[in-house]
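# Any chance you could fold what I've pasted below:
(chains A, B and C)
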Amino acid sequence: MVQQLTTDTILGRLSESIPVIASQSPTPHRLYIEVPKDRVKEACRILFEDLQGRYTITVGTDRRPVNGKFEVLHFFSFDRDNIRMAVRVFLDPDDLTLESITPVIPGAGWAEREIQDLVGIRVIGHPDPRPLALPDGFPEGLYPLRKDYPYNYQPPLDEGKTFPFKEPPPDATVVTVGPFFPVLEEPSQWRLFVDGEIVVGCDYRGFYNHRAIEKLGDSVLTYNQIVFLAERICGICGCVHSTSYCQAVEEAAGIEVPLRARVIRSLILELERVHSHLLWLGLACHIVGFDYGFMQSWRIREPVMWLAEYLTGSRKHFSINLVGGVRRDIVPDQFDRILSVADDVDRQTNELVKAIQDDTALIARLKGVGIFTPEEVRLSGAVGPTARGSGVAIDARRDHPYAAYDLLQFEVVTHDGCDTLARTLVRIGEIFESLKMIRQCVNLLKDIPVGDLLGEIPEEIPPLKDGMHAVEAPRGEVFHYVLTGYENRPYRWRVRAPSYQNIQSVPMMFKEGTYLADVPITLGSVDPCFSCTERMEVVDQGRSQSYTLEEKDLLRLSRSKYRALKATERK
Amino acid sequence: MLIGLGIVHIVLTLFAGPFLDGFTRKYIKANLAHSREGPLVGPWQTFVDLFKLLGKEDLFTAGGIISLQMLAPLVALSSALVASLMVPLSGIAPLGAQSDMIVFLYTIGLGAVAVVIGAMATGSPYAYAGSLREISLYLIVEPVLMLAMLGAMALSRSLHLEDQLRWHYAQGFSLPMLIGAVAVFVALQAQFGKLPFDIAEAEQEVISGPFIEISGPRLALLRWFFLSRQFVFAGLFCTVFLPWGLTAYPVVNLLITLVKIFVVYSLIGLIDAVMPRVRIDQALRVYFAVLIIALLGAVLAFVSA
Amino acid sequence: MENGLFWLARTEGQIGTGLMVLILASVLVPLFYRRRYYMGPIAFILTLIGSAFLISSGVSVFLQGPTSTFHLHPLPGLTTPLTIGVDYLSAVFLIFVPAVVTLVCLYSLSYIENYKEQNPARLYPFLILLPVAAALIVIAADLILFLIGWELLALITYFFIVYRKEKEVVRAGAGYLLVSQAAIVCLIGATLILYRFSETKNLTFEAVGQTIEQMGLVHPGWLHTALFLFLIGFGINAGIFPFHFWLRKAYPSAPSAAAGALAAVGPKVAVYALLRLYADWLPVSFFSTIWGQILALFGGLSLFVGAFIALLQTDAAKLVSCYITVQLGYIVLAIGAGVTFLPISPPIALVALTAGLFHTVNNALYKSLLFLNTGALFARAGETDLAKVGGLMRVMPLTGLTALTAAVAIAGLPPVNGFASKWMIFSDCLMAGRTLPLFALLGAIALFISALTLASFLKFFGSAFLGPLMPATAEKKDLPLPMQVPQALLAVACVLIGLAPAAFVLPLYQAVSFLLHKGYAPSPYVVLGDSLTAIRLNFGDGIVATWNPIPFLAAGAVTFLVSFGLYRLLNPSRRVSPVWHCGATVSPTIAKYHTHGFYQPFKDFVGFRVNRSHARSHNPSAYASEEPPVRPITQQSQPDRLYPSVIRWISRLYRTIRRTRNGSPPMVWMLLTVSVIVAIALYSALS
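Okay, here's the model as predicted:
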């Protein structure tokens, strides 16, 4: 039996072998410690191996305007004990190197490559130090996340500089899956090395569509504007980002959120989970050619979307959150419809799941495919159903309660299969758990008297305060870190979407003897959300007016576009 | 008269294939299985698609062999049409007296070979992957068909499809032929390129495999080849393996055959609509089992002959 | 002068002249060893002349009838005279063998330039002697001359194999010598047995036939022994299962041109010998049924084993070599069916024998063509490894087209010649299967192997000629004309025979039926139909199978026009665009579909590939209620290992020999001596 950890025991264990420079623990659940630069790897090793912490993310910050140094934070999470912590190290701008922790924690691979690309901190000893986030031909020596890099600067690109892909083994053929591939809804390139139908290796390149959302948040937008930008990080699970962001800011600023707002947040989050899992189920069926499941699952999902529109005014991008609370209430008139939709979805999903479970051909496609062992879960830092399908019961809703989850009764659905089928069953189980929670939320709302939806917000949020918070998104734990800044805008905002860790773990799932045909479904089984990993947004600021387009307008627009294309073609 | 019949066969193959495909798409797949409306033009959607493709730009790959890319769809479609001339849809076939079961199998195989060569001529690895899946499957599905037809041959003492049909009709029910019919029906699912065995095309895995680099009118011809081949195989199945309903009037025979083909298409379309795609190794295992069944039928046929 | 011309007009005269020209040429050509540029053309012209005589002799047999046998001066110490005689069967071989060898000679003119460090004087004489050896075997009418022919063929083959002088090549050559001498020993042993039981101590074929007939009555055991020894001797030369193992080393070692010539001669004269033995010497009897089935079984096994080994090959030369076994499997199966059915149903038997012979001729054409295509790969890419060449159709379109023709022919797709002969074999076996179900099974296997052949040659064609062009070969020019013409001619021959199969099958039927008693064989017009293009098989109860290429092609032409009409219906524009890799840029070298992976699921399925475990569910207990989802690892079952002990034994012996006598030519004589000693020992044991 492992002993119960507290922030003090962690600090104590670290101090045994590391000279801790500074530490702070704003709440019993949060710990920040500063260590010397040359002991970072050792500190992370102790946290990861000895104390069995879960690696979350690494953040690099240009703190030169504040204290003339660069800062790197390695985040860890102790899920059993509800503790999140960060290992902080300050780097001198003259010597921007840091020892890599990736050899110890493979899941840190991308994050370290990203600080190398975007902040310009060279990581020593990284097993795969290729560029990650920057486009082909981005000039050397320019680091977009530094404070001296203007948010709207477009450097001239250096033609001919291309991404260094790995060489295939001698007997293998390269089959590229992506950047544009029928079952990848977003651009990303999986370079598969296949021997016949068998996959013998792979290489990944993503970040084709990096949207620089963090840079916008760091430099242009205010706290409450970012809520709506954060929501647009993802087209499927936007609400989790805004919630997570709001909670991080609330933590940094010490804002109390009223109970009713917390329950509404939970309700909307669970509604989002139901629609996301149904959407995923359909896509997974589509990937293996089971279009019956695809169509039926999306048919069942549709009322959930209508319900979301009814409750929030929008099918997607609910925009329900604000820093400190929620934007609109859910009134008793709406309860019946919520409950009836929940019942319908429950019943119909049950029927669909029965059909799926009886389909031996479908089970044969999923079972034993994409094996992902619990040890690999830990090493890669995978989260959500991807981890729970391997029997690793981590769930931010239970482990680090937020919103109203401490008031809700639910089970963390896990499965020991470690394969695609297990991940599917976990998601199916979660649909029913979410429906249960939606009903509970409605009951809670009935009991809570109508009142404030926003907490008390100070005039100016104090600068240089750390806030981190996670939300259990449909795909796993969404993690937001906010360092508050001056003029009511954050100094640094870092988003770690669940797919950021889960996609890194996909190569581990391509076990020996994986068929080419298994690749799309294995990839699909982590429910990858590439847009979450690539944070960028295009805002048309030229036209500030807004108008509504109806079906006929859209048709007219697309037809005129088509005619224009035809006309240019003729020329 | 045979030339007239030949024209009927070619026209029928060219038009019944897409029509039946459109029918299953609209009424079986969309309406029945997917709970959706489906194409607005109903069973004619496949024709609309083909016609649209005929007018689209024709893209060849720069790294490939253009002459073979060009020839492959033409050879494929004509092989399916020639094969259709060998199937006694109305009790007699235009080329029935000039060919036999082996010629038929190889003629229809020629089309598949043309598709594969045309695909490989594009140089795309997806085309290779898809084509090789097609051939791997062919290696195990073809023997099923062969063994079933061997049974028919052993019983009727002739390799001619017409003789087999006539024998079967005169003889009525026989167990070896029933086993053969079951095996061939399962083989049809793969010969049709339908789920769960549409492994070669598999958009989600190899992006339509052999078709990936083929566009416009050549894609239309290739689609047409597959549709024609489906019709030809369905015709073969309905005449040689389900020969009941043979009369003295060819026109009546033809109509009866068409009704049977319609039923077979509907069944295959239904299976297609509610099944996921299996992996190639799983498909090989499935067809190996079917192969054993077909072998049993053939052995029975040889024993009882 | 007039006398001389008259002599030339006779078959024997043409043969004699042809052989003399060729032998003279083989002596003359090495004299030019310092002038390699003259050597080739001289060799070609002399081969052309010599071969023309041989071919015309073969043709004149069909026009004038078979020659009478006549005796040459007997060798001292032998009671049996050396005898020659040409019948229709010999004539068939006299026609196609010299023709193919001449084409190969033309091909070699340019091809030999790829072996700069070797003197062509070490190749041409043997190439020229190849038709001589073949002619000796087929015109011999007594066993001694026949055996001399075999020995000559074995030596020629050896010198082809060791042409490149490299270490492993010499080793392959030595292996071949061992094997071929073993074959000769078997043949000598069988001859000695026949000699012992011959009442007249005469080994002319006529006498052999009588001896065998008597032995069948009096000493069936000895007859079986002799037939068995003959079967081993011929089987080794044919490369059928279980004697296929040497082919895959020997043929790829020889230059592709020589291998092409050899493929048209070596295994084919073995077919001649098998036909001669089982259809001519062996009387139609109970023995025919037994040995026919044994042959058919060997044929069926050759099909299976050869095709599966071929599935694993990624080298063009090895792949094509493996298919010698497979194709000989078809032929031996057909001959076996024919021999079996000689006493049962003459129509089935005759069609089977004819089909076997027809397939032999067709096979000689397309198999040589395939070797020449392989040589073309070597000439352009310096490589016959299919994994390293690609897209060559863009470099050499004509060669690509001929390779496609050859691939289509060997896969037996209509309307090329391979289909016609295979179709006859299938139909015959299947109909024979109604009497003896064994043949239905073998016929089904043959049909299945045909699909496998198709797969293998799609691999050959798809890997080498299609796909992305490798950068190493991108700027190369097309092949020189002397290499293109023979390939084109062979391809045209394949197509022509395919278009009018009946015109070629009828003479072959005549050749086969001449071997039997007069009047035993039914009329070809009943069995095969009376058309020059269509073959309609009738085994006595109506036409059961038909292959008529002309209406087939007519229908094909019409439907092709219909398809083309559809293609041009809306007359869309055309454009050439690069290959799409999902939007990524991938260089052709790594985008080429690797030959190693072809048909990998199928290979996995039939269990020939190793190290392909499939890790199933990590935690089986999670689905405890269901069957454990762990697939057992496929065991290694490589067909190579079928004869480990034999191979080990041979290589160990070979290593011992190498240690004692360094260098290969002395070993030839040593081995010959060994063979002779073994033979004498055998003889003394017998008498």
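# Which stretches in the stretch 151-300 of chain A count as strands?
Shown for the stretch 151-300 of chain A, the strands assigned by DSSP state E, counting those that start in this stretch span residues A:173-177, A:189-195, A:198-205.
# TSV for those, including mean neighbour count and mean pLDDT?
C-betas here are computed from N, CA, C, even on glycine. Shown next, in TSV, are these (neighbours: other C-beta atoms under 10 Å in any protein chain shown; pLDDT from 0 to 100):
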stretch	mean neighbour count	mean pLDDT
strand A:173-177	26	84
strand A:189-195	23	84
strand A:198-205	20	84
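# got the buried residues for the helix or strand that contains C:Ala446?
C:Ala446 belongs to helix C:437-464 when assigned by DSSP states H and E. Using 16 or more other C-beta atoms under 10 Å in any protein chain shown as the test for burial, helix C:437-464 gives C:437-464.
# Got the confidence number for residue 187?
Assuming you mean chain A. A:Pro187 carries a pLDDT value of 79.
# meant chain C, my bad for not saying
pLDDT, C:Leu187: 85.
# who's in contact with it?
C:Leu187 sits next to C:147, C:150, C:229-230, C:233-234 when contact means C-beta atoms under 8 Å, 6 or more residues apart in numbering or on different chains.
# And the residues you listed, which is closest to chain A?
Nearest to chain A among those: C:Phe234, at 38.2 Å, using C-beta to the nearest C-beta.
# next helix or strand past the helix holding C:Ala446?
Going down the chain from helix C:437-464, the next helix or strand is helix C:481-499, by DSSP H and E.
# Any buried residues in that following helix, and which?
Result for helix C:481-499 [16+ other C-beta under 10 Å]: buried residues C:482-484, C:486-491, C:493-494, C:497-499.
# If you count contacts, what does it end up packed against?
Secondary-structure packing of helix C:481-499 (3 or more C-beta pairs under 8 Å, 6 or more residues apart in numbering or on different chains; DSSP states H and E): helix C:88-111, helix C:346-381, helix C:397-411, helix C:417-432, helix C:549-568.
# anything in the shortest one near chain B?
It refers to helix C:397-411. Yes - on the criterion C-beta under 8 Å from any C-beta of the partner chain, helix C:397-411 is in touch with chain B at C:397, C:400, C:404, C:408, C:411.
# If you rank the residues you listed by neighbours, which is first?
Ranked by neighbour count (other C-beta atoms under 10 Å in any protein chain shown), these have C:Val408 at the top, with 28 neighbours.
# Leaving out sequence neighbours, find the closest residue to that one.
Setting aside the residues directly before and after it, C:Val408 is nearest to C:Val416 in space (C-beta to C-beta, 6 or more residues apart in numbering or on different chains), at 5.1 Å.
# burial measure for the one you found, as a count.
Look at C:Val416: counted by other C-beta under 10 Å, it has 26 neighbours.
# Okay, domains of the chain per the record?
All of this is about chain A. Domain ranges of chain A: A:7-149, A:213-533, per automatic domain parsing.
# try again with chain C
Chain C is divided into the following domains under automatic domain parsing: C:284-603, C:639-686.
# Please identify the deepest-packed of those domains.
The highest average neighbour count among those, using mean count of other C-beta atoms under 10 Å in any protein chain shown, belongs to domain C:284-603 at a mean of 23.
# for that domain, how far is the first residue from the last?
For domain C:284-603, the first-to-last residue distance is 43 Å (C-alpha to C-alpha, to the nearest Å).
# Other residues contacting stretch B:186-201?
A:289, A:361, A:517, B:130-131, B:133-134, B:137, B:141, B:144-145, B:148, B:208-211, B:226, B:229-230, B:233-234, B:237, B:264, B:268-269, B:271-273, B:275-280, B:283, B:286-287, B:290.
# So B:Lys26 versus B:Thr46, what's the distance?
B:Lys26 sits 9 Å away from B:Thr46, going by C-beta to C-beta, to the nearest Å.
# What of C:Pro255?
Taken as C-beta to C-beta, the span from C:Pro255 to B:Thr46 is 54 Å.
# My guess is B:Gly17 contacts B:Gln230. True?
Yes - the pair B:Gly17 / B:Gln230 is scored as a contact, 5.9 Å apart, by C-beta atoms under 8 Å.
# buried stuff in the helix or strand hosting C:Gly58?
In this assignment (DSSP H and E), C:Gly58 forms part of helix C:36-64. Using 16+ other C-beta under 10 Å as the test for burial, helix C:36-64 gives C:36, C:39-40, C:42-44, C:46-48, C:50-58, C:60-61.
# Can you list the strands that the next helix or strand along the chain from that helix pairs with?
Downstream of helix C:36-64, the first helix or strand assigned by DSSP H and E is strand C:70-71. Here strand C:70-71 is paired, per DSSP bridges, with strand C:83-84 (antiparallel).
# Need the contact partners of the strand it pairs with.
C:12, C:15, C:69-72, C:139-142, C:145, C:204-205.
# is it true that A:Ile394 touches A:Asp79?
Yes - counting by C-beta under 8 Å, A:Ile394 touches A:Asp79, with 4.8 Å between them.
# From the neighbour counts alone, determine which of these two ranks first.
Between A:Ile394 and A:Asp79, counted using other C-beta under 10 Å, the more crowded position is A:Ile394 (23 against 20).
# Can you find the helix or strand of the chain with the lowest average pLDDT?
Chain wasn't specified; assuming chain A. Between all helices and strands in chain A, the lowest mean by mean pLDDT, DSSP states H and E belongs to helix A:530-533, at a mean of 64.
# For the closest residue to B:Ala305 other than its chain neighbours, list the residues it contacts.
Excluding the flanking residues, the one nearest B:Ala305 by C-beta to C-beta, 6+ apart is B:Ala154, at 4.4 Å. By C-beta under 8 Å, 6+ apart, the residues touching B:Ala154 are B:176, B:298, B:301-302, B:305, C:430, C:433-434, C:440.
# B:Ala154: helix or strand, and which one exactly?
Assigned by DSSP H and E, B:Ala154 belongs to helix B:125-156.
# now whatever helix or strand comes next after that helix: how far from the chain's centre is it?
Remark: after helix B:125-156, the chain's next helix or strand is helix B:161-171, criterion DSSP H and E. Distance, stretch centre to chain centre, for helix B:161-171: 21 Å (C-alpha atoms, centre = their mean, to the nearest Å).
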